[in-house]
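# Quick check, what structure comes out for this input:
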Amino acid sequence: MEVLIVNGPNLNTLGTREPDIYGQVTFSEIEDSLLAEAARLGVNLTFFQSNSEGELIDKLQEAGVGGTQGIIINAGALTHYSYSLADAVKALKIPVVEVHISNIFAREEFRHTSVIAPFVAGVIAGFGPAVYSLALQALVGDIGQDIV
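This is a model prediction of the structure:
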């Protein structure tokens with residue numbers, strides 16, 4: 001089973017950027033934890049992070065025609081206004097889970113709307129870095145079913 005983890009702008013700075021909101025766990029530590037969990041679940045993970053909207057779209061399109069069977073995406077601030085990223089997610093024929101480390105609904109008003117959410121299997125937010133693990137568990141449980 002192949003799962004792609006896509007992280008958008010500023011997520012490479014986890015652990016140092018606004019630790020009161022995002023915690024002190026680094027991007028690398030999240031990856032290490034997920035790799036250990038994936039090994040237990042028999043899942044192969046690929047990670048991709050970019051601060052560029054176009055690179056994120058290219059990666060999603062590539063995954064959509066490759067052997068990827070599920071995607072976990074944290075699009076960062078692009079979640080709230082990138083219609084081109086939403087279109088790329090909408091075009092996918094594989095399950096996608098949207099994640100957010102913070103509770104976007106308890107923050108600034110502009111963060112309350114996700115333009116990606118209508119095109120994903122589910123959204124997990126507000127549980128810190130555990131959102132990635134929860135999303136992985138959801139995908140492993142749902143891959144092969146029509147949840148898109």
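
# Quick one: find the helix or strand in this structure with the lowest mean pLDDT.
The weakest-scoring helix or strand in the chain, judged by mean pLDDT, DSSP states H and E, is helix 19-22 (a mean of 79).

# Please list the residues outside whatever helix or strand comes next after it that contact it.
Downstream of helix 19-22, the next assigned helix or strand under DSSP states H and E is helix 27-41. For helix 27-41, contacts defined as C-beta atoms under 8 Å, 6 or more residues apart in numbering pick out 1, 3, 5, 7, 11-15, 44-45, 47, 49, 129, 132-133, 136-137, 140. The way it works is simple: take the backbone N, C-alpha and C, and place the C-beta from them, glycine included.

# Just the ones in helices from those, please.
Among the contacts of helix 27-41, the ones falling in helices (DSSP state H) are 132-133, 136-137, 140.

# any low-confidence regions in the chain?
Residues of the chain that meet the criterion pLDDT under 70 lie in 142-148.

# which residues in it form strands?
2-7, 44-49, 70-74, 96-100, 122-125 (DSSP state E).

# Point out the most buried one among those strands.
strand 70-74 (a mean of 26; mean count of other C-beta atoms under 10 Å).

# how far off strand 2-7 does it point, in degrees?
10 degrees (axes from the mean of the first three to the mean of the last three C-alpha atoms, to 10 degrees).

# by contact count, what packs against strand 70-74?
Other elements packing on strand 70-74 under the criterion 3 or more C-beta pairs under 8 Å, 6 or more residues apart in numbering; DSSP states H and E are strand 2-7, helix 53-65, strand 96-100, helix 130-142.

# neighbouring strands for the first one, and are they parallel or not?
Counting by DSSP bridges, the strands paired with strand 2-7 are strand 44-49 (parallel), strand 70-74 (parallel).

# Distance to residue 55 for the ones you listed - can I get that in TSV?
Shown next, in TSV, are those (distance: least, C-beta to C-beta, whole Å):
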stretch	distance to residue 55
strand 44-49	8
strand 70-74	13
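
# Quick one: closest of the ones you listed to residue 22.
Residue 22 lies closest to strand 70-74 among those, at 10.7 Å (C-beta to C-beta).
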